[in-house]
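**Q** Model the following, please.
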Amino acid sequence: MDYSFTSNRIFLQNIRTYALALVLAGFSWWAVEIFQLPDEDESKSSELPKHSPDYFSKGYLKKEMDEQGLVKSKLFAEEMLHYSDDGVTHMTKPEMTFYNADTPPWIIKSESGTLSVDGKDLLLNGQVFVNRNKAENVKQLTIETTNLRVKTEESYAEGDEWAKLSSPPNWAEGIGIQMIFQKPISLKLLANVKSYYERN
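**A** Numbering: from 1, shown residues only. A predicted model of the protein is given here:
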């Protein structure tokens, strides 16, 4: 028996095995480099910021009905952004409308606003305009103020800043205002009130 031939054959087989192991090790290293998951720092940097919107809408509209199935109030906004971390909805040009059966609706507008998580508290930011159109036995009434808080389910609004009520030729102004838009309708200026009324 030729032992040198046998040992050469075993040696060649071992060389092939080692070569194959080296090729597999090289391929494994290459695969890890190519398909490597980002490390903790990289994954953190790619996460969304905590306060970021999770959905948005253009032409947002929400209606609330009364016990008879009639529209009690309506909230419209040109755009809205909802944030998941605090649940607050941010609105562009919000418009809140309160309806009464036999008089024109009250329409409240501002440049921006935020709606609470439960949808019950609407904060109108910046300049706020309130209007009720003229109708039979009802005079037109407009209100100017800033930063108004609206309780959407209660048809109620209040503010702490200057406000002016106008129903030409009459007007009144003061600091702080409270308004109830459902009957019995109530408008109240709270402090430093000045007014002008013409008697017929």
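**Q** so Asp86, which of the three states?
**A** Under DSSP: H, G, I helix; E, B strand; the rest coil, Asp86 falls in the coil class.
**Q** Just the helices from this protein, written as ranges.
**A** For the chain, the helices defined by DSSP state H occupy 3-35, 40-46.
**Q** Run a quick neighbour tally on the residue nearest to Lys63 when sequence neighbours are not counted.
**A** Excluding the flanking residues, the one nearest Lys63 by Cβ to Cβ, 6 or more residues apart in numbering is Lys74, at 5.0 Å. The C-beta positions use only the backbone N, C-alpha and C, and glycine is treated the same way. When counting by other Cβ atoms under 10 Å, one arrives at 17 neighbours for Lys74.
**Q** what's the answer for Glu67, then?
**A** Glu67 has 6 nearby residues by other Cβ under 10 Å.
**Q** repeat for Glu64
**A** Glu64 has 15 neighbouring residues, counting by other Cβ under 10 Å.
**Q** tell me the contacts of Met179?
**A** 130, 143, 156-158, 186-188 (Cβ atoms under 8 Å, 6 or more residues apart in numbering).
**Q** one step back: just give me the lowest mean pLDDT stretch among the helices of the chain.
**A** Mean pLDDT is lowest for helix 40-46 out of the helices of the chain, coming in at a mean of 52.
**Q** Setting aside sequence neighbours, what's the nearest residue to the spatially most central residue of the chain?
**A** By Cα atoms, centre = their mean, the mean C-alpha position of the chain lies nearest to Thr89, the distance being 1.8 Å. Nearest non-adjacent residue to Thr89, counting by Cβ to Cβ, 6+ apart: Leu115, 4.2 Å away.
**Q** ok, now which ones touch the one you found?
**A** By Cβ under 8 Å, 6+ apart, the neighbours of Leu115 are 75, 80, 88-89, 91, 94, 121-123.
**Q** which residue ranges form the strands in the chain?
**A** Chain-ordered strands for the chain, with DSSP state E as the definition, fall at 53-65, 71-83, 89-92, 95-100, 103-115, 121-132, 141-151, 156-167, 170-180, 186-196.
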